[in-house]
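Asks: I would like the atomic coordinates for the input below:
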Amino acid sequence: MSSIDRSAAVLQRLPHGAVIIPANADPFAAMIRGCVELIELDQAGGGPDSGVSRRLAEVIMLQLVGFVRSQLWQGTLPGNGVLHDEFVLRAMSAFFARPGDAWTVETLAVAAGLSRAAFFERFRKAFNDTPLKTINRLRLQIAADMLGRSNASLSDIAQEIGFGSAPALVRAFARQFGKTPGQWRMQSRNGAA
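Replies: You can find the predicted model right below:
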């Protein structure tokens, strides 16, 4: 049994089931590289101490969690409260893994491992907004990113991010960004979005 705490749940249900850490993603990459080298030395030393290797593996896991946390939020969320609330972080990592699911406060609370009321209060404290408003805002940010980097149809994007229909996406997108998805796509390709 490991002593990694429950905050490692941020790694649950990641897209593609993998975490790729670029070699230049320091301090995470350097720390992981050092731990791997120490594990190799420990294993090659003749009488490997499983306790040492286990502890180094725990450090690697903590670095993975730190890296994932740093990548999940890249400027899209207010404040640092989210990064320090393992329950809200767990729910948001589940959302980012499957943004097209029919997320409700209840399903987010289940992903977080909290009651609906406890989750709602923690979420509101972390984001200064309600869970569903935040989820919609994040879905629209995902749509904006998809519009800028793909040729996917509005129907496909709406389906993938959980908006249901292209007209619903167009209305919400225009409210959020002040332009239609088509205008956004054209401007982002011209470098003006």
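Asks: only C-alpha atoms for contact and neighbour calcs from this point on.
Replies: Fine.
Asks: which residue, other than its chain neighbours, is closest to Phe87?
Replies: Ala112 (4.7 Å; CA to CA, 6 or more residues apart in numbering).
Asks: next, count neighbours for the one you found.
Replies: 22 (other CA atoms under 10 Å).
Asks: pretty sure it contacts Phe119?
Replies: Yes: counting by CA atoms under 8 Å, Ala112 touches Phe119, with 7.3 Å between them.
Asks: joint contacts of those two?
Replies: Phe87, Val88 (CA atoms under 8 Å, 6 or more residues apart in numbering).
Asks: got a pLDDT number for Glu160?
Replies: We have a pLDDT of 90 for Glu160.
Asks: ok, it to Asp101 distance?
Replies: Using CA to CA, to the nearest Å, we find Glu160 at a distance of 8 Å from Asp101.
Asks: ok, now Phe28?
Replies: 31 Å.
Asks: so which of those two has more stuff around it?
Replies: Taking neighbours as other CA under 10 Å, Phe28 and Asp101 compare with Phe28 leading, 20 against 16.
Asks: residues in contact with the closest residue in space to Arg171 that isn't next to it in sequence?
Replies: Counting by CA to CA, 6+ apart, Arg171 lies nearest to Thr180, which is 7.9 Å off, once chain neighbours are set aside. Shown in contact with Thr180 (CA under 8 Å, 6+ apart): Val170, Arg171, Phe173, Ala174.
Asks: and the next helix or strand past the helix or strand Val110 falls within?
Replies: Val110 belongs to helix 105-112 when assigned by DSSP states H and E. Counting by DSSP H and E, the element after helix 105-112 in chain order, helix or strand, is helix 116-127.
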